[in-house]
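Undergrad: need coordinates for the following:
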Amino acid sequence: MSLLTFLLPLSASLYTLAPNQTIKDGEFLVSEGGSFKLGFFQPGNSSFRFLGIWFNRVPQLTVVWVANRDNPINGSSGVLFIDRTSNLVLYDESRSFLLWSTNVSVNSSMVQLLDSGNLVLVEQPGQNIIWQSFDHPTDTMVSGMKLGLDRRTGLNRVLTSWKSTDDPGTGEYSFALDPDGSPEVYLYKGLTRLWRSGPWNGQRWTGIRAMTSKFIFRVIFVNNEEEVYVTWQLLNDSIFTRQWVDQTGHVQRSTWRDQGQQWFKFWSAPEDSCDNFMECGSNGICNPDNAPNFECTCLPGFEPKSVRDWDLRDGSGGCVRKRAGNGTCGNGAGFLRVARVKVPDTSKARVEQNSSLKACEQTCLKNCSCVAYSSINGENGCITWYGELLDTRQYPNGDAQDLHVRVDAIELEESRGKSSSFLDDKGMLAGLVVAIATLFILLVILVYWLARKKKKGWSKKEGNDFGEMKEIDENSRHREFTLFDLKTISAATKKFSADNMLGQGGFGLVYKGQLVNGQEIAVKRLSKDSGQGIEQFKNEVTLIAKLQHKNLVKLLGCCIEGEEKIGYMSPEYAMKGSFSEKSDVFSFGVLLLEIISGQRNNAYHHETPSLNLIEHVWYLWKEGRALDIVDPSQNESISAHEVSRCIQIGLLCVEEYAANRPTMLEVVFMLGNETTLPSPKQPAFIFNRAHEWYNPSKFRAGVQYSVNEVTLTSVEPR
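TA: Numbers count the residues shown, from 1 in each chain. Predicted coordinates for the structure are as follows:
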């Protein structure tokens, strides 16, 4: 008589399985804390049964591990038990066919399902773990599981997709960590790479932008002589989250939400065309913001290998050096910086953990085979590339690495002519807006304090001539700035030449200039059309003169000749004389819309009937066409998503009721983060004209369009 006859069924849902117990269909192991359950299940429309582990407290069956994924049970049930060799085994119902086994050498054992979801075979006595399901993952990674290589044993933990929603068998997509060079995680289809994470910078994978947000878990990356792996630990055990590879070729992370009773997708890759591995070939760089033209360009010093293919929007052939030979080795060769990138594939790169960026540059410069270098975390560590640069992409903003590409002397000289304008940087718009927002916060604090304290020492007299500000000159011995005459400023800016103009806003024009001593300056010439008084100008001059911060410009001086003034009055101030910090928020909102549109609010008039700038932006926003207001000169150099977000923030700032407007602190936060924005309400100075006459479409190039009378309850930036 076989020993199997005396095995006892599991009488209840326990978290351990002893040698004399079995698990059949309808019986389960439940982890001690109740988070995970092991049992038999039937996926989708399949007629087969499988042994698996799933989330116990999630009402939607979500399997995280399958034992017999490639050996299904063709029948009503299987039997799980510990056999004579102390291995955990799975047989069919008749116990004639072995379907799965732990297949290890052990004398005596028991099985436990831990509250992490890890099924372990424990040696008795001693409690040593002989085998664990975390070492043999299927398609899903949960908290505490390792993804990577054990260099001592050769065990490589890899996620592999299901074949379909009905079949958990081994699919064609996998997610694995490559230990070579600077380790990265790759998504594969068979042996073909589809996507990569970018290298680890000490806090996150540089190619996963979602990792810049605050996490519900802590990511841990380990790379030493014994093993290289990545894992993560939940900060709150009551949260259920998972990362898995699906059968469509995507890796994604999602979190269970009790409200709504569904999985919420937190992150997924590939996310866009530039996420595709080698989208722009070797020595190319991909930027999705260039997609309306072509997302592929060549890195500095390179040109398309096939111009015809690139004209057809096929960048897979990549780029080659513009000039053959040894021009990049000596003879004035150097490096050009490419900002905010996911650096090229690092599987064949060389890594020096303790090198400085300067030392990294020298290392690369001395080796003619070195084609590029980068730091590991922005300051320390060194990555150098030799050969072709593969799979580089650029980001419009945010925290990313800089890549320094080796070029010849000709390329260096050409680049100097191209980089003369500070507005060339695609991130300059966002940077300029944040800088102005920061300045506004400081101005609001000072003006509000002055209004309370009624500080003495300034003349109360106001006039049309700024020359009446005698107290500035009389107290010159205490000031930290210089009074310039208009003649000096005019000469420095070449009589306020249009060629020297850097930008335009509601406060006036900004020019670049050069003093006689060679010092380069920026000059803000205030607008004559503003209703701002003398007091506010004096406050601004005093405040900025005392500000010393690495992220703020330094005030060298001012010129008090002429009648130019600055600012916009909020509706509550214009109509009721009421002033608060929200008044400056309104003024900032107008300025923001002016920067984006390249138009001045006071000087803006739409086609008949006339509209001011705020009205026009508001109506375009309601129609979902807010990007039509963007300055045409910026169309090829900005991110549509960023601009749409800035427009939305601008409209929030100019809302009719001050209480509805954000504070400047909130504005700065919204500009610097990807949080969900509220929908703007009707702005101030929107007159209740009959809306039926307003159709922005009919004023464009004389083309007539019909109007769709659909109401929009919530408009979000795309």
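Undergrad: you'd agree Phe36 is up against Thr62?
TA: No - here Phe36 does not reach Thr62: they are 10.4 Å apart, not a contact under C-beta atoms under 8 Å. For glycine as for every other residue, the C-beta is placed from the backbone atoms N, C-alpha and C.
Undergrad: looking at those two, which is more packed in?
TA: Ranked by neighbour count (other C-beta atoms under 10 Å), Phe36 and Thr62 place Phe36 first, with 27 against 15.
Undergrad: quick one: that one from Arg242, how far?
TA: 11 Å (C-beta to C-beta, to the nearest Å).
Undergrad: what touches both of these two?
TA: By C-beta atoms under 8 Å, 6 or more residues apart in numbering, Phe36 and Arg242 have these common neighbours: Val64.
Undergrad: could you report the neighbour count for Val106?
TA: The tally of other residues near Val106 (other C-beta under 10 Å) stands at 18.
Undergrad: with Gln132 instead?
TA: Here the count is done by other C-beta under 10 Å, and Gln132 has 17 residues near it.
Undergrad: show the backbone phi and psi for it.
TA: Main-chain dihedrals, Gln132, degrees, to the nearest 10: phi -150, psi 150.
Undergrad: how is the protein divided into domains?
TA: The record's domain split for the chain, according to automatic domain parsing, is 1-134, 137-269, 274-420, 457-558, 575-699.
Undergrad: among the ones you listed, which is nearest Leu442?
TA: In terms of C-beta to C-beta, the element of the domains of the chain nearest to Leu442 is domain 457-558, at 6.1 Å.
Undergrad: helices of the stretch 501-650 of the chain, start to end?
TA: Counting by DSSP state H, counting those that start in this stretch, the stretch 501-650 of the chain has helices at residues 534-546, 571-576, 581-597, 613-622, 640-653.
Undergrad: oops, could you answer that again for the chain instead?
TA: Taking DSSP state H as the criterion, the chain carries its helices at 307-311, 357-366, 409-418, 428-453, 470-474, 486-492, 534-546, 571-576, 581-597, 613-622, 640-653, 664-672.
Undergrad: before we move on, the earlier item: overlap in contacts, Phe36 and Thr62.
TA: Shared between the contact lists of Phe36 and Thr62 (criterion: C-beta under 8 Å, 6+ apart) are residues Trp54, Phe55.
Undergrad: any idea how far the most centrally placed residue in the chain is from Arg393?
TA: Nearest to the geometric centre of the chain sits Arg209, at 3.9 Å (C-alpha atoms, centre = their mean). Arg209 sits 11 Å away from Arg393, going by C-beta to C-beta.
Undergrad: please apply the same query to Asn201.
TA: Between Asn201 and Arg393 the computed distance is 16 Å (C-beta to C-beta).
Undergrad: what of Leu80?
TA: In this view, Leu80 and Arg393 are 47 Å apart by C-beta to C-beta.
Undergrad: what about the stretch 151-300 of the chain, any weak spots by pLDDT?
TA: Applying pLDDT under 70 to the stretch 151-300 of the chain flags residues 212-215, 291.
Undergrad: switch the cut-off to 80
TA: Residue ranges of the stretch 151-300 of the chain with pLDDT under 80: 211-215, 291-292.
Undergrad: ok, now which ones touch Gly144?
TA: For Gly144, the contact set (C-beta under 8 Å, 6+ apart) comprises Ser116, Gly117, Asn118, Phe134, Thr231, Gln233.
Undergrad: verify the stated contact: the second one with Thr138.
TA: No - Gly117 is not in contact with Thr138 according to C-beta under 8 Å; the separation is 11.8 Å.
Undergrad: list residues touching both of those two?
TA: Listed as contacting both Gly117 and Thr138 by C-beta under 8 Å, 6+ apart are Val64, Trp65.
Undergrad: now the buried members of the contacts of Gly144.
TA: For those, a neighbour count by 16 or more other C-beta atoms under 10 Å gives the buried set as Ser116, Gly117, Asn118, Phe134, Thr231.
Undergrad: closest to Gln259 out of the residues you listed?
TA: Gln259 has its nearest neighbour among the buried ones among the contacts of Gly144 in Gly117, at 23.4 Å by C-beta to C-beta.
Undergrad: skipping its backbone neighbours, what lies nearest that closest one in space?
TA: Using C-beta to C-beta, 6 or more residues apart in numbering and skipping residues adjacent in sequence, the residue nearest Gly117 is Phe36, 4.3 Å away.
Undergrad: so the one you found versus Cys364, what's the distance?
TA: For Phe36, the distance to Cys364 (C-beta to C-beta) stands at 49 Å.
Undergrad: for Pro396, same thing?
TA: Separation of Pro396 from Cys364 (C-beta to C-beta): 27 Å.
Undergrad: of the two, who's got more company?
TA: Taking other C-beta under 10 Å, Pro396 and Cys364 do not tie; Cys364 has more neighbours (24 against 19).
Undergrad: which residues touch the more buried one?
TA: Contacts for Cys364 (C-beta under 8 Å, 6+ apart) come out as Phe335, Cys370, Ala372, Tyr373, Thr384, His404, Arg406.
Undergrad: tabulate those (TSV), appending distance to Ile130.
TA: Below are the contacts of Cys364 laid out as TSV (distance: C-beta to C-beta, whole Å):
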residue	distance to Ile130
Phe335	53
Cys370	48
Ala372	47
Tyr373	46
Thr384	43
His404	50
Arg406	52
